[in-house]
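> Mind folding the following:
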Amino acid sequence: MNVSDKKKLIYIANARLPGEHAHSVQIMKMCEAFSQMGLEVELVAPFRFNKIKQSVWHYYGVAPIFKIKKIPSLDLIPFAFLGRLSFWAGSISFSLGAWFYVLFKKADVIYSRDLFSILGISFFRKNCVFEMHTRYSGWGIFFLKRLKKIIVISKGLKQELVDNGTPSSNIFIASDGVDLNIFNNVGGKKECRQELGLPADALIIGYVGQLKTMGMEKGIGLLLSAFEKIKQKRSNLHLYLVGGWPFHVKEYIKDVGERVHFVGQVPYHLVPKYLSGFDVLLMPFPKNPHYIHDMSPLKMFEYMAAQKPII
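Numbers count the residues shown, from 1 in each chain. Sure thing, here's the model as predicted:
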């Protein structure tokens, strides 16, 4: 197939790339998958300050088979004292830039998981697809009704949209997943432990992911409390937590005892190695509507691919 014959998809992503959040992994892997399906893919993301100096391709272990276009946007995240203002300044400036950029580009599909960006574009382009990962209220619910194509990651999110007046025919359910290829040639438990500096003979239970999401607890406090009790029965039991912003790590680490290890953020291509090095994998999600009905966690599919027991 000639390049000129390919359908073109522009993916609008209001995300720092490379970045530590799971959504940045999902964005990169989606663009890779779209490209592998034969589409010409262009990922449009904001230019932002970044402490991660690795190549975006190497950081995620993604093949460079699509284009990445960085467009200017306000980046006030380093100014923590501004709080939510820094987030909104970045989001609005990026969305305005994305609207202007797409206005002059030919594409068969405009795709995004950023509601503000895709809603603005939908007023002058009809070929918009929104990928929905969380519930919306107020203006979000009102404007979602005008989108003709919405992909949701759970049945709960679809029902939420239908209950608020979005036609069921406009909604398609596609849960998150995992690229099984990233688990090829990872190595066995012994090899991974040696490479990562994990204790060779320990019984290791592990958690991989952010320590909080959207300001919500992910069960880390309960996990640490439970570990303090069960470690008394196993002298070789260790708990490893991979991921989490430094300020979240600081919040939890002050109350932990021995044999609890906060690894912090790691490049995504190391995640399969940590999973291979652990004995048991943990998902201590709290019981609330988001975790019960809405989410489709990437880590669950990664855990399953690692073929380890999951609690």
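> I204 belongs to a strand?
Yes - if the criterion is DSSP: H, G, I helix; E, B strand; the rest coil, then I204 is within a strand.
> was I right about it contacting H238?
Yes - using Cβ atoms under 8 Å, I204 is in contact with H238, at 5.0 Å. C-betas here are computed from N, CA, C, even on glycine.
> I'd say V260 and L224 touch.
Yes - with contact defined as Cβ under 8 Å, V260 counts as touching L224 (6.7 Å).
> any shared contact partners between those two?
Residues within reach of V260 and of L224 at once, by Cβ atoms under 8 Å, 6 or more residues apart in numbering, are L239.
> Okay, strands next: where are they in the stretch 1-150 of the chain?
8-12, 40-47, 67-72, 109-112, 128-132, 150-152 (DSSP state E, counting those that start in this stretch).
> Can I get those in JSON lines including distance to H58 and mean pLDDT?
Formatted as JSON lines, the strands of the stretch 1-150 of the chain follow (distance: least, Cβ to Cβ, whole Å; pLDDT from 0 to 100):
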{"stretch": "strand 8-12", "distance to H58": "20", "mean pLDDT": "97"}
{"stretch": "strand 40-47", "distance to H58": "16", "mean pLDDT": "95"}
{"stretch": "strand 67-72", "distance to H58": "13", "mean pLDDT": "94"}
{"stretch": "strand 109-112", "distance to H58": "24", "mean pLDDT": "96"}
{"stretch": "strand 128-132", "distance to H58": "25", "mean pLDDT": "94"}
{"stretch": "strand 150-152", "distance to H58": "29", "mean pLDDT": "95"}
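> Any chance of TSV for those strands, columns mean neighbour count and distance to I173?
Output for the strands of the stretch 1-150 of the chain, formatted as TSV (neighbours: other Cβ atoms under 10 Å; distance: least, Cβ to Cβ, whole Å):
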stretch	mean neighbour count	distance to I173
strand 8-12	23	20
strand 40-47	21	23
strand 67-72	14	28
strand 109-112	22	16
strand 128-132	22	10
strand 150-152	21	6
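> would you list the ones you listed in CSV and tack on distance to D294?
As requested, those are exported to CSV (distance: least, Cβ to Cβ, whole Å):
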stretch, distance to D294
strand 8-12, 22
strand 40-47, 25
strand 67-72, 29
strand 109-112, 19
strand 128-132, 9
strand 150-152, 9
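> To G264, which of those strands lies closest?
strand 40-47 (23.7 Å; Cβ to Cβ).
> Which strands or helices does that closest one pack on?
In terms of contacts (3 or more Cβ pairs under 8 Å, 6 or more residues apart in numbering; DSSP states H and E), strand 40-47 is packed against strand 8-12, helix 22-36, strand 67-72, helix 84-103.
> Extract the CA atoms of it and return them as CSV.
The C-alpha trace of strand 40-47 is given here as CSV (Å, rounded to 0.1, in the frame of the first residue of the first chain):
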residue,chain,number,x,y,z
GLU,A,40,-0.9,6.7,8.9
VAL,A,41,-0.7,8.1,12.4
GLU,A,42,0.4,11.5,13.7
LEU,A,43,0.4,12.0,17.5
VAL,A,44,0.0,15.6,18.5
ALA,A,45,1.2,16.4,22.0
PRO,A,46,2.3,19.5,23.9
PHE,A,47,5.9,20.6,24.2
